[in-house]
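Student: could you work out the structure for the sequence below:
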Amino acid sequence: MKNTLLRINDVIYLACIWLAGLAVVTMALIIPWGIFARYILGSGAGWPEPVAILLMVVFTFIGAAASYRAGAHMAVTTLTDRMPDNWQPIITLFVQVLMAVICLFMTIWGTKLCIATWNQFMSTLPTLRVGVSYAPIPIGGAITLIFILERLFFGDQSHRRAVNFELLEDSKEAV
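Tutor: Residues are numbered from 1 along each chain as shown. The predicted structure is shown next:
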């Protein structure tokens with residue numbers, strides 16, 4: 001059961017990395033197009049800036065979930081490093097519980113925000129619902145919450161390889 005859950009989380013983690021990476025690459029292509037259209041073609045397109053902002057939101061919330069699991073998320077440990085060693089597990093648990101509360105807040109209230117704004121449309125992208133633009137908040141919160149629970153129940157997984165390619169090859173041969 002543990003290995004199955006860890007493999008599922010590996011897939012979620014890789015999906016987060018790919019989604020965040022694609023968001024950054026797409027932003028890197030869209031922003032120069034907006035500049036080119038405005039200053040070279042003389043007619044600024046209205047869509048590059050709002051799309052780039054939406055992609056930044058995706059990158060921020062989905063990328064933060066992946067960086068949390070990888071152990072690469074920002075952490076300020078100045079105070080906790082100076083506390084006695086026997087307090088470290090208690091402080092670590094307290095921090096994880098606080099993180100879970102924050103992620104639960106993001107998931108619940110982010111979902112409520114998406115629902116409340118679902119029937120509104122963005123003025124700069126009239127075919128896009130405002131609720132969709134807020135969707136990375138509850139999704140990122142829920143994914144981070146999954147990774148927090150994983151850390152609480154199975155320990156730090158940042159040292160794991162996300163995919164064991166030998167297992168993938170074995171499963172291909174079995175089919």
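Student: every contact and neighbour count from this point should use C-alpha atoms.
Tutor: OK.
Student: ok, and the closest non-adjacent residue to the most centrally placed residue in the chain?
Tutor: For the chain, the residue whose C-alpha lies nearest the mean C-alpha position (C-alpha atoms, centre = their mean) is Ile62; its distance is 1.4 Å. With sequence-adjacent residues excluded and distances taken as C-alpha to C-alpha, 6 or more residues apart in numbering, Ile62 is closest to Gly140, at 5.0 Å.
Student: wait, what's in contact with that neighbour?
Tutor: Each residue near Gly140 by C-alpha atoms under 8 Å, 6 or more residues apart in numbering is listed here: 61-62, 64-65, 107.
Student: which one of those residues sits closest to Arg7?
Tutor: Ala65 (16.3 Å; C-alpha to C-alpha).
Student: check contacts around the closest one.
Tutor: Applying C-alpha under 8 Å, 6+ apart, the residues near Ala65 are 13, 16, 140-141, 143-144, 147.
Student: could you say which helix or strand holds it?
Tutor: According to DSSP states H and E, Ala65 maps onto helix 48-69.
Student: how about the contacts of Ala65 in a markdown table, adding pLDDT and distance to Thr127?
Tutor: Listed next are the contacts of Ala65 as a markdown table, based on pLDDT from 0 to 100; distance: C-alpha to C-alpha, whole Å:
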| residue | pLDDT | distance to Thr127 |
| --- | --- | --- |
| Tyr13 | 93 | 30 |
| Cys16 | 95 | 26 |
| Gly140 | 97 | 23 |
| Gly141 | 97 | 26 |
| Ile143 | 97 | 27 |
| Thr144 | 96 | 29 |
| Phe147 | 95 | 33 |
